[in-house]
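Participant: Just a sequence and a predicted model for now, questions to come.
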Amino acid sequence: MSNSLRQAKDDRRKDKEEERILNAIAALKRHFPGVRGRLADLCRPSQARYNLAVTVAGGKDMDAIVVDTKRTAFDCIKYLRDQRVGTATFLPLDSLQVPSAESTERLRAMAEDDKRYRLAADVIRVGDESNRRAVLYAVGNTVVCDDLDVARDICFRQPRGGRRAGSEERVKAVTLKGAVISKAGTMTGGTAGDGGNSNNRAGRWSEQKLEELRAKKETLEGEREALDAEAGRGSGSHTARAEDLRNAIGNLRNKEQYSKSDLEYTKKKLKEQTTLLKSSKKSFEKLEKQAADAEVAVTKANAKVESSRQEVRDVEEEHFAPFREETGIQDLRAYDEAIGKAREDFVKKRTDIREHLAKLTAKKKYEDKKDFDEKLSKALKKKADHESELEEAEKTEEQLLAEVSEVKAKLADAESTLKQAVELEQEKEEVVREARNALKEAEADHNKVTKTMNAEESDLMVLRQKLHETLQKARVDEVELPMPDEGDEMDEDEEGAEGTQASETATRSSRRSSTQSETQESTTSFSQHFSQREAPNVTKDRRDAGRVDFSTMDEDLKMRRSASEEDKLRKKFEGKISKLNQEIEGIAPNMKASDAFDTMTEKVKETVDDFNTAKEEGRKANEVFNKIRKARSHKFNTAFKKIDAALKIIYTDMTKSSKHPLGGNAYLSLDDSDEPYRGGMKFNAMPPMKRFRDMEQLSGGEKTVAALSLLFAIHAYRPAPFFIMDEVDAALDNVNVLKVCNYIRQRSDDFQCIVISLKDMFYERSESLVGICRDVSSNSSRTLTLDLTKFDKKTGGEKRTREDVANSADSTKRPREVAAGAE
């Protein structure tokens, strides 16, 4: 009894939903006398060990409200709907379907023989026997077994269980620990899917029973102490013996009830069977005599019928012979059957019409009794309106028909025009197709010519470069190229002596200075590309090459040679040039030419050094860039893989439940895996038992859970010191809010979390509360804090009655989870 009271005290800790249901039941009792109360409050198990089994066997019907009639149930439903209290299930006692007494007694007898199980209805005590029908409806013929092995024997193996030989009846079995085997053969372990609520509901008692138990407990404790003081402690005490006697009495009473009901049922069945046997014997004797007489009468009747048929056929043949010859009908019977069938159809239709006429007559009489003057006036008015509307509609219809005819004519013209346009289009398409084929051929020829031109251009560029190098080298080496004008002047002045030499010397010096300046210009423009025909250096080289006189050149030098022959010829000329240079140096060296050459060499060397330096810097910059790009890709991929792995685990944990133990699935994917920072990233989530779909098609709660999972996954890679969440639970139901709360509490050792919420579930599971309200005295906001860690969790059954109010948050205490609300 003490355990029962303690369990009942713990189970009386109700949330707001439980209080709302109890208040609704109390209101229904006040308004409707036929309301008995919840089934769980009207009955209780005979022993505490059956609490869980009875709760699972009754299921959701244990929370149903028992009423006397269906009318009372309808009135209660209407009251709940009008008051917007909520929904409830009602059990009207006058219309409940309960198992038959025969099946119940058969299972009870088998349970008495087996001793390993018993009917669930027999282990439930009801204060008022009139409510026993609701209990039978809730649990039916469910049997309570000691363990799961016994339940399997009863439901599947048939040796001594719930099915007799030759019977196909199945039973529902429930174990003392809450396992269930349904009639369909499905097995459910634990507490039949109710979670911890089944254990809580298994010990529910009514308030009246609790008061009786408390009073009885005090009385019995006093008597027990007195008796135990006299008889002593141990197994021989009055308490132990009373418990044994109580169990024995209960078993004997149950056996007595079973025996009485079985005896009454057997006597009733025996009396019925005896009466049925006597009546059957008398009926059988009478039927035998009647059968003999009937056989004789049938034989005579068959003979008479056969003779009558023959007479009828003869008379018909004699009477209908002239008619058959005139009409040409061979088979009068078939004709008669056809006429008869038509007559039957006519009679049937006439009967239907008469019945319908009778109904219409009755309906007319009923309608004649009503006052139709006002309705008739309204109907006439409405008829007049409809007639006017009909006239307008007819006019409109005529106009529309005229317009339709015009449109049809235009449509015919348009179709003919369209047909011509289609034919013309086909012709044009044929022309376009031929033109495209010609264009393709022209493009192919163009590509060939372009390739040839490119090859020629490359060869021409090489020749231009060689010409430029040759002319530049001639200028640097102060080689006088033969020009037509200069050649004529030299021929005319060939006979001159001293004067011409002086003029030639002046000319050479001026040409040398001009050659140096041209060399500098050519060096400056050396970087220009030789593929450009109008480039300044190419134009100048072409002009200089055009002024060269090749008439004095040997014919064998004008011929095109191979590369090896050109190398040999070049080496030959270089040898001659070196000999001439030696001779010139031995005669009179030109110091200015050497200075100019050194200057040009310095410039060329500086240009080459600058080019090599720039090339080396470019190579180093490219190496640094590749190294940075590789490091960036490595860091990004590392972060992406860790966040993706954490996201899968966190989303599975946040969507896992008893119905969906595997949870959902979420993952990240990249548009460009080689260079991820150049493309985008996709986030997909698949809630439990749902197919793949885009994030836009998910509900608000599913999107919120997915977003929180991604946030926590990013935090797992780079933890933050604290979180601030502003009403993230707005689109979540209570189940998902509870999952988010549990996850935050599990991770509360890693970070602080400040949640701005309006849900009570966050308040209950936080370590401290912070509220913002208006201070009327100072006309400003005021902060209220409440440290929930100061309250003892062991006294959770009582409401929190203490409040720790302060003007500012407690900075010395570092809460791991804070729930904040504003009003």
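Facilitator: Yep, that arrived.
Participant: Give me the number of neighbouring residues for residue 265.
Facilitator: For residue 265, the count of nearby residues is 15 (other Cβ atoms under 10 Å). No exception for glycine: its C-beta is placed from N, CA and C like everyone else's.
Participant: residues contacting it?
Facilitator: For residue 265, the contacting residues are 101, 102, 105, by Cβ atoms under 8 Å, 6 or more residues apart in numbering.
Participant: are any of those residues buried, and which?
Facilitator: Among those, those classed as buried by 16 or more other Cβ atoms under 10 Å are residue 105.
Participant: Can you lay out the contacts of residue 265 as TSV showing pLDDT and distance to residue 618?
Facilitator: Formatted as TSV, the contacts of residue 265 follow (pLDDT from 0 to 100; distance: Cβ to Cβ, whole Å):
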residue	pLDDT	distance to residue 618
101	84	102
102	86	101
105	86	102
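Participant: among the contacts of residue 265, which are in helices?
Facilitator: In helices, judged by DSSP state H, the following of those are found: 101, 102, 105.
Participant: Could you check how many residues crowd around residue 623?
Facilitator: Around residue 623 there are 10 residues (other Cβ under 10 Å).
Participant: Regarding it, what are the backbone dihedral angles?
Facilitator: phi -60, psi -40 (degrees, to the nearest 10).
Participant: With residue 780 instead?
Facilitator: phi -150, psi 180.
Participant: Check residue 173 too.
Facilitator: Taking degrees, to the nearest 10 as the convention, residue 173 sits at phi -120, psi 140.
Participant: Just give the nearest non-adjacent residue to it, would you?
Facilitator: residue 151 (3.8 Å; Cβ to Cβ, 6 or more residues apart in numbering).
Participant: Relative to residue 660, how far out is that neighbour?
Facilitator: Going from residue 151 to residue 660 by Cβ to Cβ, to the nearest Å gives 26 Å.
Participant: neighbours around residue 753, how many?
Facilitator: For residue 753, the neighbour count with other Cβ under 10 Å is 20.
Participant: So which other helices or strands are in contact with whichever strand or helix holds it?
Facilitator: Assigned by DSSP states H and E, residue 753 belongs to strand 752-756. Packed against strand 752-756 by the contact rule (3 or more Cβ pairs under 8 Å, 6 or more residues apart in numbering; DSSP states H and E) you find strand 722-726, strand 817-822.
Participant: which parts of the helix or strand following the shortest one are buried?
Facilitator: This means strand 722-726. As assigned by DSSP H and E, the chain's next helix or strand after strand 722-726 is helix 734-746. Neighbour-count burial for helix 734-746, counted by 16+ other Cβ under 10 Å, picks out 736, 737, 739, 740, 741, 743, 744.
Participant: quick one: helix 734-746 to strand 752-756, angle?
Facilitator: 150 degrees (axes from the mean of the first three to the mean of the last three Cα atoms, to 10 degrees).
Participant: what packs against helix 734-746?
Facilitator: helix 591-655, helix 700-717, helix 760-764.
Participant: what's in contact with it?
Facilitator: With Cβ under 8 Å, 6+ apart as the test, helix 734-746 has contacts from 650, 653-655, 657, 701, 704-705, 708, 712, 728-729, 732, 753, 755, 759, 761-762, 765, 817.
Participant: Can you flag the buried ones in these?
Facilitator: Looks like the contacts of helix 734-746 have 650, 653-655, 701, 704-705, 708, 712, 728-729, 732, 753, 755, 759, 761-762, 765, 817 buried, using 16+ other Cβ under 10 Å.
Participant: low pLDDT regions in the stretch 351-500 of the chain?
Facilitator: 371-372, 477-480, 483-500 (pLDDT under 70).
Participant: ok, back up a step: can you redo the contacts of residue 265 as TSV, where the extra columns are distance to residue 351?
Facilitator: Formatted as TSV, these follow (distance: Cβ to Cβ, whole Å):
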residue	distance to residue 351
101	48
102	47
105	53
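Participant: Just give me how far stretch 243-257 sits from the chain centre.
Facilitator: 57 Å (Cα atoms, centre = their mean, to the nearest Å).
Participant: Return the set of buried residues in it.
Facilitator: residue 254.
Participant: same deal with stretch 108-115?
Facilitator: 108, 110, 111, 114.
Participant: now swap in stretch 148-157 and tell me
Facilitator: 148, 150, 151, 152, 153, 154, 155.
Participant: quick one on the thing from earlier: make CSV from the helices and strands packed on helix 734-746 and add mean pLDDT and distance to residue 320 to it.
Facilitator: Below are these laid out as CSV (pLDDT from 0 to 100; distance: least, Cβ to Cβ, whole Å):
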stretch, mean pLDDT, distance to residue 320
helix 591-655, 87, 89
helix 700-717, 88, 87
helix 760-764, 82, 97
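Participant: Mind checking those helices for the one nearest to residue 393?
Facilitator: helix 700-717 (49.5 Å; Cβ to Cβ).
Participant: so the closest one versus helix 591-655, what angle?
Facilitator: 130 degrees.
Participant: Also compute the angle for helix 700-717 relative to strand 722-726, please.
Facilitator: Going by the same axes, to 10 degrees, helix 700-717 makes 170 degrees with strand 722-726.
Participant: Using CSV, write down the CA coordinates of helix 700-717.
Facilitator: Provided in CSV are the C-alpha atoms of helix 700-717 (Å, rounded to 0.1, in the frame of the first residue of the first chain):
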residue,chain,number,x,y,z
GLY,A,700,9.2,25.1,-41.8
GLY,A,701,10.0,22.7,-38.9
GLU,A,702,12.1,20.4,-41.1
LYS,A,703,14.0,23.4,-42.5
THR,A,704,14.6,24.7,-38.9
VAL,A,705,16.0,21.3,-37.7
ALA,A,706,18.2,21.1,-40.8
ALA,A,707,19.5,24.6,-40.3
LEU,A,708,20.3,24.0,-36.6
SER,A,709,22.1,20.7,-37.5
LEU,A,710,24.3,22.6,-40.0
LEU,A,711,24.9,25.3,-37.4
PHE,A,712,26.0,22.8,-34.8
ALA,A,713,28.1,21.0,-37.4
ILE,A,714,30.0,24.2,-38.2
HIS,A,715,30.4,24.8,-34.5
ALA,A,716,31.9,21.3,-34.1
TYR,A,717,34.7,22.2,-36.5
